[in-house]
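1. A predicted structure for the sequence below; I have some questions about it.
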Amino acid sequence: MHSKMKMGIMKRLACFFALILALSALRGQTSIPNAQAMFIYNFSRLIEWPSNYKSGPFVIGVLGASTTLTELQNYTTNKTVGSQQIMIKKFESAAEIGVCHILFVPFAKTKMLPEIIQALGSKSTLIISEKSGAIDLGSSINFIVVADKLKFEIKPSNASAKSINMSSKLSEMAYKTY
């Protein structure tokens, strides 16, 4: 009986360690760029653009090279925003940005925010960034990592200045609202 009890305990311990390894591997599968892509897509459903932005493709732009670009391409395949097909575009410079619903500005390109905002002028483009302080430079949503979890902060006035309305649900879900 004693050896059967030992075997039972050993089997439970083996299952416990296998579960821990599986959960660790699963957690590692959702990278920050992958999570950002999921967030960006879901933001698109909680934001209201002006009527002239509700036809044609729904354009999500990424400035420069970023792993988030590939993740967005993968995540949004065959998805729509309302009745609009999603189109992911890569822009190399602020001058290249045309009509764009959402523009993701990676960490390395944050210094270009003043130039981006000037180039966009009054266009209704929601700017999403991932560097501390980017909200103060004109970004409407900024990704941050808190306790190893991806979160976001928002500044609705930056969006409303571009005739973009954020749902109150975004404020409820945001880590911080300015």
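-> Good, I have the coordinates.

2. got the contact list for the residue positioned nearest the centre of the chain?
-> Geometric centre of the chain, nearest residue: residue 36, 3.1 Å, by CA atoms, centre = their mean. Listed by CB atoms under 8 Å, 6 or more residues apart in numbering, the contact set of residue 36 reads 68, 71, 104, 130, 143, 150. Yep, even glycine has a C-beta here, placed from its N, CA and C like the rest.

3. Secondary structure class of it, three-state.
-> helix (DSSP: H, G, I helix; E, B strand; the rest coil).

4. Give me the distance between it and residue 148.
-> As judged by CB to CB, to the nearest Å, residue 36 and residue 148 stand 15 Å apart.

5. For the longest strand seen in the chain, name the packing helices and strands.
-> For the chain, the strand with the greatest residue count under DSSP state E is strand 84-91. If you count contacts as 3 or more CB pairs under 8 Å, 6 or more residues apart in numbering; DSSP states H and E, strand 84-91 packs onto strand 58-63, helix 67-75.

6. Mean neighbour count, those: which tops it?
-> Highest mean neighbour count among the helices and strands packed on strand 84-91 (mean count of other CB atoms under 10 Å): strand 58-63, with a mean of 24.
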